[in-house]
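> Sequence first, then the predicted structure:
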Amino acid sequence: MPYTVAHDSEKCDGCLSCVSACAEAHEGVANCWVVKVGDKFAYFSCMQCKKPQCEAACPTGAIRREDGVVLLVREICVGCVNCVYACPWGFPQFNPATGKVNKCDLCKERVAAGEKPHCVAACPNQALAVKEVKPPAKKPAKKPAAKKAASGKEG
């Protein structure tokens, strides 16, 4: 099931519990953040791009898209940070403690085991939720225009 983490800004009070839980689960580097916008808070994490620029920039193939999630295979990451600079959203983060990159993978293994992502589980206000991403409805195919019959030579 393709999914995303949805944020309800009406419920979010900016407590940063999501960010703290994410950092605790990922060697001290949070893969999400919360920003105050006016009198509301906005939650940000990897956009899980359909054609991720971070994947294209990775020389080892450590970043790949599988089942709608852009994953980082830590074992083959060399910490070159090409993905950090390639991402237009700035989501991959270099972790100086490990010498490798961290990025949000929507806690895919936790969700597969029936658990919530760390950020969602930590939110005291239920401002974050796992939401299924449904593919857009396919548009009906246009029928080709009927070809006019050749009228032959005029004489």
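Received the coordinates, thanks. Source: prediction; values computed, not measured.

> So in this structure, which helix runs the longest?
Among the segments of the chain that qualify as a helix by DSSP state H, the longest is helix 17-25.

> residue ranges with poor pLDDT in the protein?
1, 143-155 (pLDDT under 70).

> Which residue comes closest to the spatially most central residue of it once chain neighbours are left out?
In the chain, the residue lying closest to the centroid (Cα atoms, centre = their mean) is residue 48, at 2.6 Å. Closest residue to residue 48 apart from its sequence neighbours, by Cβ to Cβ, 6 or more residues apart in numbering: residue 70 at 5.2 Å. Any C-beta I mention is one placed from the backbone N, CA and C, and that applies to glycine too.

> Give me the three-state assignment for that neighbour.
At residue 70 the chain is in strand, as set by DSSP: H, G, I helix; E, B strand; the rest coil.

> Spit out the contact partners of it.
46, 48-49, 52, 54-55, 63-64, 103, 105 (Cβ atoms under 8 Å, 6 or more residues apart in numbering).

> Listing partners with orientation, what would you give for the very next helix or strand once past the longest helix of the chain?
Counting by DSSP states H and E, the element after helix 17-25 in chain order, helix or strand, is strand 32-37. Sheet pairing of strand 32-37 (DSSP bridges) gives strand 40-45 (antiparallel).

> Give the buried residues for the strand it pairs with.
Buried residues in strand 40-45, counted by 16 or more other Cβ atoms under 10 Å: 41, 43, 45.

> what about the strands in the chain?
For the chain, the strands defined by DSSP state E occupy 3-7, 32-37, 40-45, 63-66, 69-72, 93-95, 100-102, 128-132.
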